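**Q** Need a 3D model of the sequence below.
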Amino acid sequence: MYHANEIADLVDQLQDNYVAVSTTLILLNDDELFRLLVAKGCDEGSTVRLGRQDNTYYEGLKFWDAIRSVRGSDVFNLNFLGTQLMTGISWIGHELSLRSYFDKSPELEFFRHLRNGISHGNRFHFKSGEPKRPARFRAFNMTPALHGQAVLFEYMSTGDVFDLLDHVKAHLRKLG
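**A** So this is what the prediction gives:
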């Protein structure tokens with residue numbers, strides 16, 4: 001179980017990973033990278049090789065098909081980055097839940113509902129009587145009226161989520 005500072009470190013890691021993946025998407029849209037991949041031996045039949053527990057390999061992912069799906073597809077790239085962000089929020093939220101969201105500050109309660117919405121298909125999902133405690137961050141306020149609304153890219157933009165992550169990280173560092 002992670003302590004407050006370790007969860008704050010996870011937030012740092014999520015932010016760094018997001019920047020690295022964003023940069024990778026930029027590179028994958030560069031024709032020069034394609035030429036380099038071919039020069040390094042990635043031919044049309046190349047697959048991604050993933051290890052299994054029994055020491056065999058899964059090779060069902062076609063390298064070039066995946067790379068081509070990135071090129072020129074803003075929708076793919078947005079979904080890809082959104083998925084990474086949702087996964088990180090889910091992981092951080094899980095670690096916070098193991099510590100009962102520490103002091104249940106309005107921002108940590110907000111994060112709890114954000115994570116819950118992401119876990120319900122990126123749509124807010126409130127049980128009857130929720131939210132039970134104040135759940136807010138800056139101008140964002142959780143209310144039952146949000147039930148069913150999309151979380152990321154509709155209610156909050158990526159920059160808003162990173163503002164929240166910075167706030168949560170600073171709050172956790174104060175908790176030590």
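**Q** how close does the residue lying farthest from the centre of the chain get to residue 117?
**A** Residue distances from the centre of the chain (C-alpha atoms, centre = their mean) peak at residue 39, which lies 33.0 Å from the mean C-alpha position. Remark: distance between residue 39 and residue 117 (C-beta to C-beta, to the nearest Å) = 45 Å. For every residue, glycine as well, the C-beta is placed using N, CA and C.
**Q** Stretch 11-28: how far from the chain's middle?
**A** Put simply, stretch 11-28 sits 11 Å off its chain's centre (C-alpha atoms, centre = their mean, to the nearest Å).
**Q** Need the pLDDT of residue 46.
**A** We have a pLDDT of 88 for residue 46.
**Q** so it makes contact with residue 63?
**A** Yes. Using C-beta atoms under 8 Å, residue 46 is in contact with residue 63, at 4.0 Å.
**Q** Identify the residue nearest residue 71 in space, chain neighbours excluded?
**A** Nearest residue to residue 71, sequence neighbours excluded (C-beta to C-beta, 6 or more residues apart in numbering): residue 29, at 5.5 Å.
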